[in-house]
Each structure stands twice: as structure tokens, then as C-alpha cells.
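[1] Provide a 3D model corresponding to the input given below.
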Amino acid sequence: MEKINQVAEKLFKKDLQRIVKRTDFLFVRLLLGQYLFGICLALLVSPYTWEGEESSWHIHLYAAIILGLIIILPALYLGRFHQGKIITRHVIAISQILIAALFIHLTGGRIETHFLIFASLPILAFYRDFKVLLTATVIIYLDHLARGFWYPESVYGVLTATPWRSLEHAAWILFEVVFLIYSNKRSILEMKQIAQNQTDLEDAKHSVEDEVNKRTDELVKQTKELETQTKELEAQTTELEKEINLRKNLETQLVQAQKMESIGQLASGVAHEINTPTQYVGNNISFFKESFEDMVSLREKYRDIVSGTSKENLSGIAAKLESVDKELDIDYLLDEVPKAFSQTSDGVLRIAEIVRSMKSFAHPGGHQKKVNLKELISTVVTVATNEWKYSAKVTTNIPDDFPEVSLYPGEFNQVILNLIVNAADAIKDAIQEKKYERGEITISAEQEDNKIKIIIADNALGIPEGIKTKIFDPFFTTKDVGKGTGQGLTLAHNLIAKKHAGSLHFETEQGTGTKFIVTIPNRQRD
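    Residues are numbered from 1 along each chain as shown. Now for the predicted structure:
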């Protein structure tokens, strides 16, 4: 990787400078250690090397102390106070090669100490600077060339040496340096790659952080928007709950209004139903009054006759009694008064039944409870009597032991009333079409699994094909203007579907009649 971006270049140079400084510090310690080791070498090895078996103080000891100090002092100073500078590493390279040359001299040119030269070059390669290796190579060659020419015993351990021997040593040094330079180049490339990777990683990190911050800002913004929407939704929910409650109240009021409207429409018929028994109760009361007056008159005449009674005029008394009996028509009274009592009692019971039915029908209800289905439907039939009595016969086929049903009585009454009135109106239309003089409405109930079915059937003309889909539509009616609102079947359908969780549908056959079928769940509630 030859080229890297500026940031990676700065990072690479920073890392390389840190390595150079650390290497400078390493050579400071290494040179001090070699200096001390050189003194020991001069004391212990040099006397035997240069004097044979005899050991004595030798001039090389002074060379190790003084010359060694001269060699390392510049490197120690620069390595301690000027770390990282180019001059420092070149001076250190020269010092290291010269101290190695001193070791070779102190050992009398022994071949083993020549390896210190080869060991020094890889350590100098720590600088990753091929120029340092070249400086060291030049110093090595010049040292070997000079001492090999003037003092071969110091470098080769022999008294004479050919000039080519320094070239042989230089060749081996160059061989090693070539590999070290190649290794340094690879190391530099790897460092640059690491710097580039680290830069890319930092860029990626910053990109990720920027993206995270961006997404965080977006999430915060979305959270605030969501909180705002939540508050708006809560407000809308509150408004919707108010609307729902208002609608429920309006539906309840509509049902009650429909019921009151039905009661109003039935009022004249109910009044007529009550008027008939009331009329003959009144007539019988007048009859009772006249009969009572006749009985009082009879009693007075009996007293008069009895007070004037004697043995001589018994035959006359008998004639008078017979005359009074005929005058007051006692036999007629004995025959008609019991009948009048019976008629009066029936009339009072009929009035009570009508009033009770109207009271039960008009009750607002509102709560679901168990009811006797037969009694409930009979109440509605009674209330609607004037709607069907002149045009149809109503038959209720519900067994006395039919189980109680859980429902909303007030609303269910309204449904049954609407269906009965609807059937009666259909029969009236059939009479006008001269199908018959009197129709029939049949109300039955049956239990099927967990459902209760109430069937209201008529034998009218049936529902025309073209209006079957509109039967439960609001404001749809086939009646003349002013005779129907078009809300009866719609209301009935809604009350069964929504209030009772049931269904209302019909089956019809043209010319035969129609069945409206109310299906509600048979809930087992107390």
C-alpha cells in the first residue's frame, strides 16, 4: 500500500516516531551495558589474548575505558536529550558499530565477536530506516578496510591480511542488510496498512456515531411526535367515547321515542278497546240502578199489602201480588241481573288487562334480565290488538313451559310490536287486493342449541323481489306519505343485532306470505 490518506499518514508518522524514540532509549541502555561489558572483557580476556598465559594490566583496558567512553558519549547524549531526531539514530548506529569493533579488537579479532556486528544490524533495523543500515554498513566496511590494512591482528587476529578480505566481510554484511532493508520496507507497509485500517476504523466509528446520533435525533423527534400523536389520540379517544356515549343515549332515546310514538299511534285503538268494556259496564250499572229502584218499590208495595191483610180479603191480596209481580217484571230481573254482574266483571278484567299490558309495554326497561317469553309476547299482542283485530287472527304457538329467555324487555317489546304491526299492515294490503276477508298472523318460538328463534309469520302477499335488499334501510317504506317513517324495521334490526347480539332476517314467497325470524343467543344469566 504505497499511498494512504493524510490522516493515516499522520498516524503512521506518529507511530513511527514513537518506535524511533523507544529504539533510541533502547540503544542508550544497550550502549551503557556494552561499555561496562567491554571493560570486563578488557580485564578478563584481553590480557590472555594478547600476552598468552600471563595475565597483567594491559593498554587495552585503558582503550576500553577511555575509547569506549568516547564512542558512546555522543550517542548517550543525543539518545537521552534528542530522541527521535535523524542525527540521533545515525550517531547511535555509528556508536554501536564502533563499540562492536572495539569488542573485536579487545578479543584479538576472534571470529565469535564478529557476530556482534551481525547482531547489531537487526537491532538497528528497529528504526525502520534503511539509511541507518547503510550508515552502519559504510562504517563497518571502513573499519575493516582501515584496520585490515594497518592493524590486521586487531580485526582478523593475524599479522597480515589481503585487501580483499574486507570486501568479503562487506559482502556478508550487504547480504544481511539487503534482507533487513526488505524486511523494513515490509514493516513500513504493514504500519501504513495498520494506520490506514485504524483511520478507516476511526472514520467508520465516526460515521457510525454520526449515524447513531442522527438516528437518535430522529428517534427523539419521532418519540416527541409519537407522544404528541398519543396525546392527540387520547383526546380523540376521549371525544370518541363521548360520541359513543352520546350515541348510546340517543339510541336509547330513539328507542323510547319510537315506543312512545307506537303508543301514541296505538292510543286510539287502546282507547276503543277500553271504551267497549267501559260502555257495557256503565250500561249494566244503570241497569243495576233501575233494578234496585224496582226492588225498593216492590218492597214498599209488599209492606202496604201485608199491613192491610185479613182473612176476608186474602183472594184480593193474591191478585194484588200477582199484579205487582207483573208490573215490576221480577222474572226478567232474576234472569238478567246475574248476567249483568258477569259482564261487568269481564269488562273490569279486560280493562285491567289492557292497562297492565300498556304499563308493561311502556316500561323503559334498560337492563337485561330473564323473562317469560310467552307472557312478554302476549302483552305486545294485547297492546297491538286494535292494529290486527279487524283484519287478522293472531295465534301464539309458544308452550307454557318454554324456558325463560335473557333479554332487554323494553327493546324486545318494541321489536315484536314493529313486526306485528308490519304483518298487520301487509294483511290489510292483501285484503285490499281481495285475497281474503281476514288474514292470519302466527307467532311461534323454538329453541335451537344455544339460540332462541321467534318467528312472526303472515299469509299476506309477500315482499316484492325489487325491494328485498331495501327492507332494513333507514327511511325506506312502501306506505303512503304520512303513514310510515321507514324506521320500524331498521330500528328492530339494530336492536336485535347490536343490543342482543342476534340477527333479524326474513323469508318470503310472493303471493304466500312472509316470515320474520328473530334469533338471539340463549344466555344463561340470573
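[2] When you work out contacts or count neighbours from here on, use the C-alpha atoms and nothing else.
    Noted.
[3] Just the element for the residue most central in space within the chain, please.
    Centroid check for the chain by C-alpha atoms, centre = their mean gives residue 230 as the closest residue, at 13.1 Å. Assigned by DSSP states H and E, residue 230 belongs to helix 164-307.
[4] same deal with residue 491?
    helix 488-494.
[5] contacting residues around that helix?
    The contact list for helix 488-494, computed with C-alpha atoms under 8 Å, 6 or more residues apart in numbering, reads 255, 414, 415, 418, 419, 471, 472, 473, 474, 503, 504.
[6] Domain boundaries for this protein, per the record?
    Following automatic domain parsing, one finds the domains of the chain at 6-161, 262-361, 369-521.
[7] Compare the mean pLDDT across those and name the weakest.
    Across the domains of the chain, domain 262-361 has the smallest mean pLDDT, namely a mean of 61.
[8] among the contacts of helix 488-494, which two are most distant?
    255 and 471 (18.8 Å; C-alpha to C-alpha).
[9] more neighbours, the two?
    residue 255 (20 against 17; other C-alpha atoms under 10 Å).
[10] Show the model's pLDDT score for the more buried one.
    In this prediction residue 255 is given a pLDDT of 62.
[11] before we move on, the earlier item: per-residue pLDDT, the residue nearest to the centre of the chain?
    Confidence score, pLDDT, at residue 230: 88.
[12] Please convert the buried members of the contacts of helix 488-494 into PyMOL selection syntax.
    Applying 16 or more other C-alpha atoms under 10 Å to the contacts of helix 488-494, the buried members can be selected in PyMOL as follows:
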select buried, resi 255+414+415+418+419+471+472+503+504
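[13] and which of the contacts of helix 488-494 is nearest to residue 393?
    residue 419 (14.9 Å).
[14] can I get the CA coordinates of whatever helix or strand residue 117 lives in in PDB?
    Using DSSP H and E, residue 117 maps to helix 111-124. Written as PDB, here are the backbone C-alpha positions of helix 111-124 (Å, rounded to 0.1, in the frame of the first residue of the first chain):
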ATOM      1  CA  ILE A 111      35.600 -14.800  14.900                       C
ATOM      2  CA  GLU A 112      32.900 -15.100  17.700                       C
ATOM      3  CA  THR A 113      33.000 -11.400  18.400                       C
ATOM      4  CA  HIS A 114      32.400 -10.600  14.700                       C
ATOM      5  CA  PHE A 115      28.800 -11.900  15.200                       C
ATOM      6  CA  LEU A 116      28.200  -8.800  17.300                       C
ATOM      7  CA  ILE A 117      28.300  -6.900  14.000                       C
ATOM      8  CA  PHE A 118      25.600  -9.200  12.500                       C
ATOM      9  CA  ALA A 119      23.500  -8.900  15.700                       C
ATOM     10  CA  SER A 120      23.800  -5.100  15.800                       C
ATOM     11  CA  LEU A 121      22.300  -4.700  12.300                       C
ATOM     12  CA  PRO A 122      18.900  -6.300  13.100                       C
ATOM     13  CA  ILE A 123      18.600  -4.200  16.200                       C
ATOM     14  CA  LEU A 124      19.400  -1.100  14.200                       C
END
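[15] now for it, which elements pack on it?
    Helices and strands touching helix 111-124, by 3 or more C-alpha pairs under 8 Å, 6 or more residues apart in numbering; DSSP states H and E, are helix 86-106, helix 130-150, helix 164-307.
[16] contacting residues for the residue nearest to the centre of the chain?
    Per C-alpha under 8 Å, 6+ apart, neighbours of residue 230: none.
[17] Kindly report the same for residue 393.
    438, 439, 440, 441.
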